[in-house]
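Engineer: Quick one, fold the following:
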Amino acid sequence: MSYNIETCITNLRSTGPSACKGILGYDAMLLWTAESFEIANEAAALLEATYVDAVDALTMHPFKIFDEVEPAIEDDIEQELATGVTLFVREGKYGGIGRFELDLCSLPKYRTFNEVSGRAFIVTANSKIYGTSPDGAKFKGFKLSKLHTSKLGGTDGSTARFVDVRYQFKTPSEMADFPAVPNIGTTWDPLTLQGLIDVTVTVENSAEGLVTLSVASDCDGEPVTGLVETDFTILASNGTTEMLPGAVFTDVGDGTYTITFTTPVLPADTYTANLKTAANQTTGGYAPGAADSFTISA
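Structural biologist: So this is what the prediction gives:
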């Protein structure tokens, strides 16, 4: 090494102008993920199925679209010395306050994420997924330092009751130095992503040759239609023997499903009926509650 060569600044990059404009709209939605969650490469980051599969596997939880959003970005932290010198300490953190209407049934579910470590992708108003890629291949959300859903807000009668979701990201360099936005174009819209819907499966009646099940969402009681046979499971009392193969499955169309057992009919036993976990459903998107049971007598 020669004398007087600067070594404190390295890997400087060119600063020539670009014809590109800013591609990000305002923050419209958060996709919370486990801290360890990452998408392996850009090709996978382009696919809707990657995100849907993550939701079904409970490693990603989309929050509702914000009805309004307020940026809450820290100023850079600097220290002023008595000598008049100003020292740079750290960059201010990026965050915001998103507001939306939320029913009382869903509110406690959102609050389970309060102060839980994790990451979040930002989905912008123009349907871009904004995250970070430390190596130019893997894609993940920004590390959170704050995520808090408030209690239900008040109103004077001229405004809606909102809840506030206050979020802040821990590491400014993830945004400033390693930003990543997959170019999904218009192939699909990430703003349509939604979390799993909690549902309850109820045995309406049962006999040797016929079982009738109903499925309804927990918060609003709405019937869940359009499910298929491979979304369901009926287990014998040993907890492992699956009884559905060979049965005739019928979607009645009002959230009710009939399963006809012909050869053989159900033998005497106590059975449990439920949906499979979302990751194992064909339809996907539903989180089953406790299984319902029924008994076929000898």
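
Engineer: which residue sits closest to residue 38, ignoring its sequence neighbours?
Structural biologist: Nearest residue to residue 38, sequence neighbours excluded (C-beta to C-beta, 6 or more residues apart in numbering): residue 140, at 4.1 Å. Where C-beta positions appear, they are placed from N, C-alpha and C, glycine not excepted.

Engineer: mind giving me the domain split of the protein?
Structural biologist: 27-192, 197-296 (automatic domain parsing).

Engineer: does the residue nearest to residue 38 have beta-bridge partners, and which?
Structural biologist: On the basis of DSSP bridges, residue 140 is bridged to residue 132.

Engineer: check contacts around it.
Structural biologist: Counting by C-beta atoms under 8 Å, 6 or more residues apart in numbering, residue 140 makes contact with 33, 37-39, 119, 121, 131-133.

Engineer: between the residues you listed, which is nearest residue 104?
Structural biologist: Taking C-beta to C-beta as the measure, residue 104 lies nearest residue 33 of those, at 26.2 Å.

Engineer: hang on, the earlier thing: could you dump the domains of the chain into CSV with mean pLDDT and distance to residue 18 added?
Structural biologist: Shown next, in CSV, are these (pLDDT from 0 to 100; distance: least, C-beta to C-beta, whole Å):
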stretch, mean pLDDT, distance to residue 18
domain 27-192, 94, 14
domain 197-296, 94, 40
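
Engineer: Including distance to residue 11, could the ones you listed go into JSON lines?
Structural biologist: Converted to JSON lines, the domains of the chain look like this (distance: least, C-beta to C-beta, whole Å):
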{"stretch": "domain 27-192", "distance to residue 11": "11"}
{"stretch": "domain 197-296", "distance to residue 11": "42"}
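
Engineer: Nearest to residue 17, out of those?
Structural biologist: Here domain 27-192 is closest among these (C-beta to C-beta), at 18.6 Å.

Engineer: Endpoints of the closest one, how far apart?
Structural biologist: Using C-alpha to C-alpha, to the nearest Å, the end-to-end distance of domain 27-192 comes to 15 Å.

Engineer: and the closest residue to residue 193 other than its chain neighbours, how many residues sit next to it?
Structural biologist: Leaving out its chain neighbours, the residue that sits closest to residue 193 by C-beta to C-beta, 6+ apart is residue 62, at 4.4 Å. Other residues near residue 62 come to 21 when the count uses other C-beta atoms under 10 Å.

Engineer: And stretch 23-35, what's buried?
Structural biologist: 27-34 (16 or more other C-beta atoms under 10 Å).

Engineer: where's the nearest residue to residue 44 once chain neighbours are set aside relative to residue 56, distance?
Structural biologist: The shortest distance from residue 44 to any non-neighbouring residue, by C-beta to C-beta, 6+ apart, is to residue 50 (4.9 Å). Using C-beta to C-beta, to the nearest Å, we find residue 50 at a distance of 11 Å from residue 56.

Engineer: neighbour-wise, which of the two wins?
Structural biologist: More neighbours surround residue 56 than the other of residue 50 and residue 56, with 20 against 16 (other C-beta under 10 Å).

Engineer: correct me, but that one touches residue 196?
Structural biologist: Yes - Residue 56 is in contact with residue 196 according to C-beta atoms under 8 Å; the separation is 7.3 Å.

Engineer: what touches both of the two?
Structural biologist: 278, 285.

Engineer: Can you show me the strands along the stretch 101-250 of the chain?
Structural biologist: 119-124, 129-132, 142-149, 163-169, 179-180, 197-206, 210-217, 232-235, 248-251 (DSSP state E, counting those that start in this stretch).
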